[in-house]
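Undergrad: using only what follows, build the 3D model:
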Amino acid sequence: MSYPPPQNQPSNWAAPPYGTPPPKNRAGLIIFLIVVLIALIIGVIGFVAYRLTSGSGGSDGGTAPAGPLTSTQVTTAPKPAPSKVVPSKPVLSKPAPTQTAPSKPVVSKPAAGTKQAAFALAGKFAGQLNAGDTDAAVAMTCADTKATMPTLIDFWIGGKTSLTVSEPVLGEDPYVVRFTGTTKGQQVTGMVIVQGPCVKVFQLSAN
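TA: You can find the predicted model right below:
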């Protein structure tokens, strides 16, 4: 049994035309360009870092650049004003002036029942009559004659009165002291009887 001879199948590949260069492989070129680009980037970064390092280290001897200044570092605190110390002056306390009250002479009252006491009491009684103070004069009267004394004063004393007592003091307790002066517009003389600490009675008559 015989087989027919194989026939040649048509192929799609065509031989490159003569006179044109063969196509180049571009994958290697792209890889080369990427490597060159990376190298350039690394070089630029290194150059910039070197300039920054050398620029900041020129003033402080090559130390590392300081971090960014904060607001508290930039703002300078105000310097406190120097306080002046004023020397304190010693306070000298002045002694308070002492005032010495003048001592009043102590006048000893004469004991009741003596001539001196009788004379003093008669003079005080005359002063109350001169002032027209009947109540004060009655208050100096002894108890047994106090009721009749206002009547005697109204009878003997009136108007402007100026009576004085005079020595000598007569008698023993009771004592008699002389009265002289003016009352009711006329000159009068009289006496006052003093017994112990009070006035017993008095009497006047016109000259």
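Undergrad: pLDDT below threshold where in this protein?
TA: Residue ranges of the chain with pLDDT under 70: 1-25, 55-110.
Undergrad: need the helices for it, in chain order.
TA: 27-60, 71-74, 115-130, 134-139, 149-156 (DSSP state H).
Undergrad: what's the closest of those helices to residue 176?
TA: Between residue 176 and those, the shortest gap by CB to CB is with helix 115-130, which sits at 8.6 Å. For glycine as for every other residue, the C-beta is placed from the backbone atoms N, C-alpha and C.
Undergrad: and the helices of the chain: which comes nearest residue 165?
TA: helix 115-130 (4.7 Å).
Undergrad: go through the helices of the chain and pick out the most buried.
TA: When these are scored by mean count of other CB atoms under 10 Å, the highest mean neighbour count falls to helix 115-130 (a mean of 19).
Undergrad: for it, packing partners?
TA: Helices and strands touching helix 115-130, as assessed by 3 or more CB pairs under 8 Å, 6 or more residues apart in numbering; DSSP states H and E, comprise helix 134-139, strand 162-170, strand 175-183, strand 186-195, strand 198-206.
Undergrad: related to what we said a few turns ago, out of the helices of the chain, flag the one nearest residue 169.
TA: The closest of the helices of the chain to residue 169 is helix 115-130. By CB to CB, the value is 4.4 Å.
Undergrad: follow-up on the earlier one: any chance of the helices and strands packed on helix 115-130 in JSON lines, plus distance to residue 50?
TA: Output for the helices and strands packed on helix 115-130, formatted as JSON lines (distance: least, CB to CB, whole Å):
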{"stretch": "helix 134-139", "distance to residue 50": "127"}
{"stretch": "strand 162-170", "distance to residue 50": "134"}
{"stretch": "strand 175-183", "distance to residue 50": "138"}
{"stretch": "strand 186-195", "distance to residue 50": "137"}
{"stretch": "strand 198-206", "distance to residue 50": "134"}
